[in-house]
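Visitor: I would like the atomic coordinates for the input below:
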Amino acid sequence: FCPDHPHALPAVDLHQAHAMVVSRPAPAPSKPHKLSPAEANSWRQSVNRDWRALANAPLAVRMDARLVAEAQKQDWRALQYAGENLRGDKAFVLQALQSSGYALQFATEAIRCDQEVVLEAVRQDGCAIRYAFYEAFREDRNIVQEAIASDWRALEYASSALKRDKELVLFAIERSWEAIQYMDEEL
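Guide: The predicted structure is shown next:
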């Protein structure tokens, strides 16, 4: 998603693109097989011991909001193993972002298109802006400023136009002189 990356997404109208993503038919949800109480308890204990057990857990376990939330208390990266139902649940993802804004990378595309979610992510970890789905978020001065307030290094992910914004660049430099490396050369 970096502007200079060969696979960068083209800039799009944020509202139009969000409507396209949200209006897409959702994939048919995978039906988890029913676990016996003994199996469910065994998985619960495994995940409580080590969040990474979610990686090999059956879908029924990965779709359990309470269990995944408990795993996230151990490590924010547990969201990557959550079922799509949780990675696509705005409230669940917002809660996950309280641990780390970087959890945004594991949310579904539709959630990474949501401005409220992206703002919460960058408030936690400024550089999480790189995981926002739309390039338009990197062009949004308010979002980029929030990101820089959290981490001056977020200037790296700002649009070229914002890297030429003297006021915004000075805002980043006030946080660290090293931000100079990310400002536009023309400035």
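Visitor: Pull up the gap between residue 89 and residue 175, please.
Guide: Noted for residue 89: a distance of 33 Å to residue 175, by C-beta to C-beta, to the nearest Å. Every residue, glycine included, has its C-beta placed from N, CA and C.
Visitor: quick one: what helix or strand has the residue sitting furthest away from the middle of the chain in it?
Guide: Ranked by distance from the centre of the chain (C-alpha atoms, centre = their mean), the top residue is residue 38, with 34.3 Å. If you go by DSSP states H and E, residue 38 is part of helix 37-49.
Visitor: just checking, what packs against the helix or strand that comes right after that helix?
Guide: Note on helix 37-49: by DSSP H and E, the next helix or strand toward the C-terminus is helix 59-62. With contacts defined as 3 or more C-beta pairs under 8 Å, 6 or more residues apart in numbering; DSSP states H and E, helix 59-62 has these neighbours: helix 37-49.
Visitor: avg pLDDT for the helix it packs on?
Guide: Helix 37-49 carries an average pLDDT of 93.
Visitor: Go through that helix and flag the buried ones.
Guide: Across helix 37-49, burial judged by 16 or more other C-beta atoms under 10 Å covers 40, 43-44, 46-47.
Visitor: residue nearest the centroid of this protein?
Guide: In the chain, the residue lying closest to the centroid (C-alpha atoms, centre = their mean) is residue 104, at 1.2 Å.
Visitor: Now do that residue against residue 137, distance only.
Guide: Distance of residue 104 to residue 137, computed by C-beta to C-beta: 11 Å.
Visitor: quick one on the thing from earlier: reformat the buried residues of helix 37-49 as TSV; add distance to residue 145.
Guide: Listed next are the buried residues of helix 37-49 as TSV, based on distance: C-beta to C-beta, whole Å:
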residue	distance to residue 145
40	46
43	43
44	43
46	43
47	38
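Visitor: of all the residues you listed, which comes closest to residue 99?
Guide: Checking the buried residues of helix 37-49 against residue 99 by C-beta to C-beta gives residue 47 as the nearest, at 15.9 Å.
Visitor: How about the contacts made by the closest one?
Guide: By C-beta atoms under 8 Å, 6 or more residues apart in numbering, the contact set of residue 47 is 53-54, 57, 61, 67, 70-71.
Visitor: List only those of these flagged as buried.
Guide: Buried positions within the contacts of residue 47, assessed by neighbour count (16+ other C-beta under 10 Å), are 53-54, 57, 61, 67, 71.
Visitor: Before I go, just wanted to say thanks for your time.
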